[in-house]
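Peer 1: sequence? don't have it. structure:
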């Protein structure tokens, strides 16, 4: 009989992309690198961190400040004439590129949040399934399909359904929803979900930073067998270190 060939395990448990603002990059990159490289926070090679920044801005910085070049920075394409959309385009760029680093799970956060990895890693290792995962702090909303702006937000499914029944604007023909989405301080998905998602994403002039997480949820709402996991009680109180900076 032929021996069963087992696939090699992924190199990392989690690959975490941190979306950076160009305005605050210099001040925040120092403590973010220090925080995520601290052995008390990130032990071993379980979590690989990558910092996501606008590609043209990063290329200029490397020329102007050569010491700023680093292997842990990922430059992604944005529509440079639309800075108010940069973080939405960085979100798209991150999910499209993330699989180049093999992992069981992939995550996205922002540069104004600190993820409690000592709490998160055991959760990923012991409690979450390894497939069909879309996880984080779950909220509900609908979206205007003409301009891709969110409408009729609600903290839970019941509230979202009530809005759809009671508010005609939430049930208009051009409104899609309600559907669940995961809020930005930490978005998690398993490798198979990322593989399904990445080819479907592209930057678009309608994508606004304020609705970036909702836009991702809109795409994932079409997944044929997604497992939605609400981690609100476990990791929902992210340690916000600074006010949100759009970039």
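Peer 2: Thanks, I have it. Fair warning: this is a prediction, and the values are worked out from it, not measured in the lab.
Peer 1: quick one: low-confidence parts of the chain?
Peer 2: 1-7, 80-85, 235-247 (pLDDT under 70).
Peer 1: Now do the helices in it.
Peer 2: 25-37, 55-64, 86-97, 117-126, 157-166, 191-197, 212-220, 232-235 (DSSP state H).
Peer 1: The first one: which residues count as buried?
Peer 2: So that's helix 25-37. 25, 28, 29, 32, 35, 36 (16 or more other Cβ atoms under 10 Å). C-beta here means a position set from N, CA and C on the backbone, and glycine is covered the same way.
Peer 1: which ones are touching the nearest residue to the last one once chain neighbours are set aside?
Peer 2: With sequence-adjacent residues excluded and distances taken as Cβ to Cβ, 6 or more residues apart in numbering, residue 36 is closest to residue 49, at 4.6 Å. Residues near residue 49 by Cβ atoms under 8 Å, 6 or more residues apart in numbering: 15, 16, 18, 32, 36, 42, 72.
Peer 1: now residue 49, which residues is it bridged with?
Peer 2: Residue 49 has these beta-bridge partners by DSSP bridges: residue 16.
Peer 1: Check the spacing between it and residue 141 real quick.
Peer 2: Counting by Cβ to Cβ, to the nearest Å, the gap from residue 49 to residue 141 is 29 Å.
Peer 1: tell me the angle of the top strand by length along the chain relative to helix 212-220?
Peer 2: If you go by DSSP state E, the chain has its longest strand at strand 175-190. With axes from the mean of the first three to the mean of the last three Cα atoms, to 10 degrees as the basis, strand 175-190 and helix 212-220 are set at 90 degrees to each other.
Peer 1: Can you pull up the most central residue in the protein?
Peer 2: residue 108 (3.1 Å; Cα atoms, centre = their mean).
Peer 1: Is it in contact with residue 183, as I believe?
Peer 2: No: between residue 108 and residue 183 there is no contact under Cβ atoms under 8 Å: 10.9 Å.
Peer 1: hang on, the earlier thing: roughly how far is the longest strand of the chain from the heart of the chain?
Peer 2: Taking Cα atoms, centre = their mean, to the nearest Å, the mean C-alpha location of strand 175-190 is offset from the chain mean by 9 Å.
Peer 1: Give me the buried positions along it.
Peer 2: For strand 175-190, by 16+ other Cβ under 10 Å, it's 175, 177-190.
Peer 1: cool, stretch 147-160 as well?
Peer 2: Here stretch 147-160 shows 148, 150, 151, 152, 153, 154, 160 as buried, counting by 16+ other Cβ under 10 Å.
Peer 1: How about stretch 115-128?
Peer 2: 115, 117, 120, 121, 124, 128.
Peer 1: Tell me how many other residues crowd the closest residue to residue 102 other than its chain neighbours.
Peer 2: In space, residue 102 comes closest to residue 10 once its chain neighbours are excluded; the distance is 4.2 Å by Cβ to Cβ, 6+ apart. Neighbourhood size, residue 10 [other Cβ atoms under 10 Å]: 15.
Peer 1: could you check the distance from residue 10 over to residue 45?
Peer 2: 11 Å.
Peer 1: what do you get for residue 74?
Peer 2: 18 Å.
Peer 1: cool, residue 132 as well?
Peer 2: 25 Å.
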